[in-house]
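J.: Sharing a sequence plus its predicted fold:
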Amino acid sequence: MKISLEKRLTPSTFMLVAVPLVSVLLALLVGAVFLVMNGNNPIEVYTMLISSAFTTSYGLTESIVKAIPLMLAGLGVSLAFRMQLWNIGAEGQLYMGAVAATWVALTFPQLPSVIMIPFMLLMGFFAGAIWGLLPAIPRAYLKVNETITTLLLNYVAILWADYLVYGPWKDPEGFNFPLTPQFVPAAILPSLGQSRIHLGLLFAIIAAVILYILIGHTKWGYEVRVIGESPAAARYAGMNIKKNICLVMLISGGLAGIAGMSEVSGIAGRLQHGLSPGYGYTAIIVAWLARLHPASLALVSFLFGGLLVGGYAIQLMGIPAAIVNMLQGLILFFVLGGQILTNYNIKISLKNKENTPKEVG
Amino acid sequence: MKAFKKLLLLLMAVLLISALAVGCGGNGEAESTEAEAPQEQTEPTKVGFIYVGPIGDAGYTYAHDLGAEYMKKELGDSVELIKVESVPENPADAERVLNQLVSQGCKVIFATSFGYMDSVIKVAAQYPDVTFLHCSGYKTAENVGTYFGQIEQPRYLSGIAAGKMTKTNTIGYVAAFPIPECIRGINSFTMGALSVNPDVKVKVVWTNTWYDPAKEKDAAKSLLEDGADVIAQHQDTPGPMQAAEEAGAYGVSYNSDMSQFAPNAVLTGPVWNWGPYYVRTVKAVQEGTWQTEEYWGPMSDGIVDLAPYAEFLPDDVKQLIDSKKADIISGSLNIFTGPIKDQTGTVRVPEGTTMTDEEILNMDWFVEGVVGSPK
């Protein structure tokens, strides 16, 4: 008997829906074993996990609050991934965006909100874009591996932000703690009603729509996809690969920069150490789970935000944080693992005569 | 009667949810739940704790959790504990977890790390009938108090042990962040060591993290390779102590008694004893006598102390530390009384004067004898 994987010509639509559902169920099932071993009732825990994130209005709004930076940074990295550019640097690009937005807020506190916010947005995008462009240039012209350079630039950006909050931007009234002064009200993104959902949500949605149109319905988008799937063909067709690498990384970084800007202006109200609990890295997972598609990215970011929100909520029932992390890990493991079934057929043959020689797992 | 009670519970649940739905605008709702409070007198007071690390860190969070459990034991059925561990110090998460604790019915909430400060102030403004206590911060409100202990006192004493035991006259110090809390700890430790050994140098390495066992251990290793034969730490885990143990060096631990993780290394170390403070505070809230305060407990209160001495610590050193400890408790020894010189040799605190609390809380310079940068 032989088991092999065969690539589907087109991803199966049925599997596209069924696989994530079954994967999540399997993950919950495996998680249940550990919960029972820990003396918890898995049904109660899962009910709490879901209800605290999705059924109360507070939970819903908080899941969206978590989704905003994930979506913005996720959109950014997904654009780069389309072109097979492994931008692992969203975390650093996010921090640079936050730094630039903070610079605006601290340097021009007298600006009115209508000028201040667009200015912060612009600078946030710009700083993130520069941080994306830095590794793009050596990648385009010298073939320097961007996985390494984008990753390493994260540390530079985070330490740069740390330097500023420990040094020149430290709040003089802050007892030497690593915080900038609180922003003036004009530099705070307006939020929806009494919730913490801020204008960043709109930025994310607009960015998703623009990306959707750019990638799916423009000549440039077509170029990006062709370069990603077959650089040789793209070169033969006369596409400017070098220019596009730089452009894609620039936009990719800029979007993460907006995530940083909206986080610092919509949530924190100041720059501080540990602004992001790893949004830039989580965004990579979100992008892949959403199969790099802008619309599904919005949905996956929301669900992932809920998973994070619900994760803390079940601690209130006395579940240790380690089990929460494990549950989150299980869900990801099964969902990502299951994705192979949407792209591949499992073929089981009793005799190995008809096997095609290529793509045998 | 039973049905009525159920109805009342339901009503309260609905009120709570709607109060949450409208968020901070719910002043009116908050008052109406307050009005019903007397009817649940027999209900236990729910006390929430949010921790920055996992309870199993064997250090900072563990010490807080020992205090929480001690409080639960002392106050028995009149309290119910709800804990959330590993909550990152960014406003996006901290604010939500605090809100969730309130929605679970917590009447007293202890936020045990500095980074929760803004979130505590924000959430507390929405729930005037909930008492918030924030550890190590500087912002208070009518329903927000701060608390911390003068851990630099036992740190000074632990410096004496280190200064006596070092042979290379080089002590390594692994510290989290260049914030005043760590800086004044390093300074008092160094002054303690210098008081018994004028040739001692204290080399500082910043890790930029409170909780990262591997990174803390690596930082200690680099100091050991650099000639240190005693390792002190301002970190949350026993990682640096384990590095000292493996290298056959000595260690001065922090937070809780870490000797079980490095039995041949740990000499002693400053420890937290939060329990009595938690008991006192929760009791005061229950009795309605609590008032906002900035508590900065000295060693004489017992909130900070030294871990038990290692058996191999020579008797004369033990006696010396004991006598200095008595001096600190009686008030005849003040660590921050001059002359104190900074790293450049300039006298910062002249002989005969003592630093004010504000100067101590703002300290951003190292004393003479420290090698490293307070930035």
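T.: Happy to help now that I have it.
J.: How far does stretch B:161-175 stretch from one end to the other?
T.: In stretch B:161-175, first residue to last residue: 19 Å (CA to CA, to the nearest Å).
J.: Please point out which parts of that stretch sit buried.
T.: B:161-166, B:169-175 (16 or more other CB atoms under 10 Å in any protein chain shown). The way it works is simple: take the backbone N, C-alpha and C, and place the C-beta from them, glycine included.
J.: Then stretch B:138-158?
T.: Using 16+ other CB under 10 Å as the test for burial, stretch B:138-158 gives B:138, B:140, B:143-158.
J.: domain parsing for chain B?
T.: B:44-149+B:274-301, B:152-269+B:307-371 (automatic domain parsing).
J.: Mind putting those domains into a markdown table with mean pLDDT?
T.: Formatted as a markdown table, those follow (pLDDT from 0 to 100):
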| stretch | mean pLDDT |
| --- | --- |
| domain B:44-149+B:274-301 | 95 |
| domain B:152-269+B:307-371 | 95 |
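J.: now these as TSV including distance to chain A?
T.: Listed next are the domains of chain B as TSV, based on distance: least, CB to the nearest CB, whole Å:
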stretch	distance to chain A
domain B:44-149+B:274-301	4
domain B:152-269+B:307-371	5
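J.: Which one of the ones you listed lies nearest to residue A:21?
T.: Nearest to residue A:21 among those is domain B:44-149+B:274-301 (27.5 Å), distances taken as CB to CB.
J.: re earlier: just the buried residues of stretch B:161-175: which are in helices?
T.: Judged by DSSP state H, the buried residues of stretch B:161-175 include B:161-165 as members of helices.
J.: For chain B, what is the nearest residue in chain A?
T.: Residue of chain A nearest chain B, by CB to the nearest CB: residue A:194 (3.2 Å).
J.: name the element that residue belongs to?
T.: Using DSSP states H and E, residue A:194 maps to neither a helix nor a strand.
J.: Which stretch among the domains of chain B approaches residue A:35 most closely?
T.: domain B:44-149+B:274-301 (17.0 Å).
J.: Helices along the stretch 101-250 of chain A, start to end?
T.: If DSSP state H, counting those that start in this stretch is used as the criterion, the helices of the stretch 101-250 of chain A fall at A:113-142, A:146-166, A:200-217, A:219-229, A:231-236, A:241-263.
J.: for the last one, packing partners?
T.: The one in question is helix A:241-263. Applying 3 or more CB pairs under 8 Å, 6 or more residues apart in numbering or on different chains; DSSP states H and E, we find helix A:241-263 packed against helix A:57-82, helix A:90-107, helix A:113-142, helix A:200-217, helix A:219-229, helix A:231-236, helix A:279-289.
J.: again, only using 6 Å
T.: helix A:57-82, helix A:90-107, helix A:113-142, helix A:200-217 (3 or more CB pairs under 6 Å, 6 or more residues apart in numbering or on different chains; DSSP states H and E).
J.: and these, which is most packed in?
T.: helix A:90-107 (a mean of 29; mean count of other CB atoms under 10 Å in any protein chain shown).
J.: residues in contact with it?
T.: Outside helix A:90-107, the residues within contact range by CB atoms under 6 Å, 6 or more residues apart in numbering or on different chains are A:73, A:76-77, A:119-120, A:123-124, A:127-128, A:131-132, A:153-154, A:157-158, A:161, A:183, A:187, A:253, A:256-257, A:259-261, A:264-265, A:271, A:275-276, A:280-281, A:283.
J.: before we move on, what about stretch B:208-215?
T.: So stretch B:208-215 is in contact with B:53, B:57, B:176, B:207, B:236-237, B:239, going by CB under 6 Å, 6+ apart.
J.: List buried residues within those residues.
T.: The buried subset of those - by 16+ other CB under 10 Å - is B:53, B:57, B:176, B:207, B:236-237, B:239.
J.: Show me how far stretch B:133-140 is from its chain's centre.
T.: Taking CA atoms, centre = their mean, to the nearest Å, the mean C-alpha location of stretch B:133-140 is offset from the chain mean by 11 Å.
J.: Hmm, I typed the wrong one, I wanted stretch A:66-84.
T.: Centroid displacement of stretch A:66-84 relative to its chain, using CA atoms, centre = their mean, is 5 Å.
J.: now stretch B:251-259
T.: With CA atoms, centre = their mean, you get 14 Å for stretch B:251-259.
J.: what does it contact?
T.: Counting by CB under 6 Å, 6+ apart, B:59-60, B:62-63, B:158, B:162, B:231-233, B:238, B:241, B:244, B:262, B:265-267, B:269-272, B:307 sit against stretch B:251-259.
J.: Next: stretch B:266-282.
T.: B:47, B:63-64, B:67, B:70-71, B:74, B:108, B:151, B:154-155, B:158, B:161, B:241, B:250-256, B:258-259, B:302-303, B:305-307, B:309-310, B:313.
J.: buried residues in stretch B:216-226?
T.: B:216-221, B:223-224.
J.: What strand or helix carries the nearest residue to residue A:28 once chain neighbours are set aside?
T.: Once flanking residues are discounted, residue A:28 sits nearest to residue A:46: 6.1 Å by CB to CB, 6 or more residues apart in numbering or on different chains. Following DSSP H and E, one finds residue A:46 within helix A:42-54.
J.: would residue B:81 count as being in a helix?
T.: No: under the criterion used here (DSSP: H, G, I helix; E, B strand; the rest coil), residue B:81 is strand, not part of a helix.
J.: what about the nearest residue to it once chain neighbours are set aside, neighbour count?
T.: Distance criterion CB to CB, 6+ apart; nearest residue to residue B:81, sequence neighbours excluded, is residue B:72 at 5.2 Å. A count of neighbours around residue B:72, defined by other CB atoms under 10 Å in any protein chain shown, yields 20.
J.: buried ones in the host helix or strand of residue B:72?
T.: Assigned by DSSP H and E, residue B:72 belongs to helix B:60-75. By 16+ other CB under 10 Å, the buried positions in helix B:60-75 come out as B:60-68, B:70-72, B:74-75.
J.: Stretch A:212-232 now?
T.: A:212, A:215, A:221, A:223-224, A:226-228.
J.: would you turn those into JSON lines with distance to residue A:249 and pLDDT?
T.: Below are the buried residues of stretch A:212-232 laid out as JSON lines (distance: CB to CB, whole Å; pLDDT from 0 to 100):
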{"residue": "A:212", "distance to residue A:249": "19", "pLDDT": "95"}
{"residue": "A:215", "distance to residue A:249": "15", "pLDDT": "91"}
{"residue": "A:221", "distance to residue A:249": "16", "pLDDT": "93"}
{"residue": "A:223", "distance to residue A:249": "15", "pLDDT": "93"}
{"residue": "A:224", "distance to residue A:249": "12", "pLDDT": "92"}
{"residue": "A:226", "distance to residue A:249": "17", "pLDDT": "93"}
{"residue": "A:227", "distance to residue A:249": "13", "pLDDT": "93"}
{"residue": "A:228", "distance to residue A:249": "13", "pLDDT": "90"}
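J.: and which of those is nearest residue A:2?
T.: Of the buried residues of stretch A:212-232, the one sitting nearest to residue A:2 (CB to CB) turns out to be residue A:228, at 32.7 Å.
J.: Contact partners for the closest one?
T.: Going by CB under 6 Å, 6+ apart, residue A:228 touches A:82-84.
J.: The residue nearest to it when sequence neighbours are not counted: how many residues sit nearby?
T.: The shortest distance from residue A:228 to any non-neighbouring residue, by CB to CB, 6+ apart, is to residue A:83 (4.3 Å). Residue A:83 is flanked by 24 other residues according to other CB under 10 Å.
J.: next one: residue A:7
T.: Neighbour number of residue A:7 under other CB under 10 Å is 11.
J.: Just give the nearest non-adjacent residue to the residue nearest the centre of chain A, would you?
T.: Residue closest to the average C-alpha location in chain A (CA atoms, centre = their mean): residue A:283, at 1.7 Å. Sequence neighbours aside, residue A:73 is the residue nearest to residue A:283 in space, at 3.6 Å (criterion: CB to CB, 6+ apart).
J.: This completes my enquiry, with thanks.
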